[in-house]
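Visitor: Let's see this in three dimensions:
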Amino acid sequence: GYVGLGLSVVRPVRICVTDVAHHVTDMLLPTIRDVGHHKAPQAGLYYPIGKGEAAAMGLYWGRPLSTYFTAEKPKGDEIKLILAAECVWLKELLDPFLSTTQDLLDANPQAKMVLAFVDRSTPKSTVFASRQDLDVCMVKWGLSTTPLAPLCEETRCQILNVFRTPNVENTTTTTD
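Guide: Numbers count the residues shown, from 1 in each chain. Okay, here's the model as predicted:
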């Protein structure tokens, strides 16, 4: 969420940052209020912050988007850019994250997605997701990536464009 908040401070954009609900309540909303100098929200949930506006909402990956997007909450058709930084580092998070990514991109065909992925895996790692793990899971969900910047060898971070693979359906089944 902090990458999006930084963007809102310097650009006249409307952003909605997401995290699990307790992080929104305990960290994101207080930060938005502090950076916005405790001004009241405008246009429903959006607080003035820097040059833009910001809202925060709880989002649990893998749950249906209809759970989150209602008349009072930011609608999916308003999404133009999805920024995901430092989101997926555990293998167990790949499927839920990519399920939600796929749903967001399907609901917003005009949206662009940028993912900052840090490969924390080691040869003996069974917990951390490697770039190869990410790529295998992407294929399963009918998603692809292209690098937007070279791999940073020091941090093992890569900035990726994430998109629906043309004419490919996901090979997973979801249940509500």
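Visitor: In the chain, where's the longest helix?
Guide: The longest helix of the chain (DSSP state H) is helix 91-107.
Visitor: I'd like to check which residues are in contact with the residue nearest to residue 12 when sequence neighbours are not counted.
Guide: Leaving aside its chain neighbours, residue 12 sits nearest to residue 51 (4.7 Å; criterion: Cβ to Cβ, 6 or more residues apart in numbering). Yep, even glycine has a C-beta here, placed from its N, CA and C like the rest. By Cβ atoms under 8 Å, 6 or more residues apart in numbering, the contact list for residue 51 reads 8-13.
Visitor: at 7 Å instead, please
Guide: 9-12 (Cβ atoms under 7 Å, 6 or more residues apart in numbering).
Visitor: wait, what's in contact with the spatially most central residue of the chain?
Guide: Centroid-nearest residue in the chain: residue 84, 3.7 Å away (criterion: Cα atoms, centre = their mean). Residue 84 is in contact with 113, 115, counting by Cβ under 7 Å, 6+ apart.
Visitor: I'd like to know which elements the lowest-mean-pLDDT helix or strand in the chain is packed against.
Guide: Using mean pLDDT, DSSP states H and E, the weakest-scoring helix or strand in the chain turns out to be helix 2-10, at a mean of 80. With contacts taken as 3 or more Cβ pairs under 7 Å, 6 or more residues apart in numbering; DSSP states H and E, helix 2-10 sits against strand 14-19, helix 29-35, strand 47-49, strand 52-58, strand 81-85.
Visitor: want to try JSON lines for these, with mean pLDDT and distance to residue 164 as columns?
Guide: As requested, these are exported to JSON lines (pLDDT from 0 to 100; distance: least, Cβ to Cβ, whole Å):
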{"stretch": "strand 14-19", "mean pLDDT": "84", "distance to residue 164": "20"}
{"stretch": "helix 29-35", "mean pLDDT": "85", "distance to residue 164": "31"}
{"stretch": "strand 47-49", "mean pLDDT": "85", "distance to residue 164": "31"}
{"stretch": "strand 52-58", "mean pLDDT": "85", "distance to residue 164": "24"}
{"stretch": "strand 81-85", "mean pLDDT": "87", "distance to residue 164": "12"}
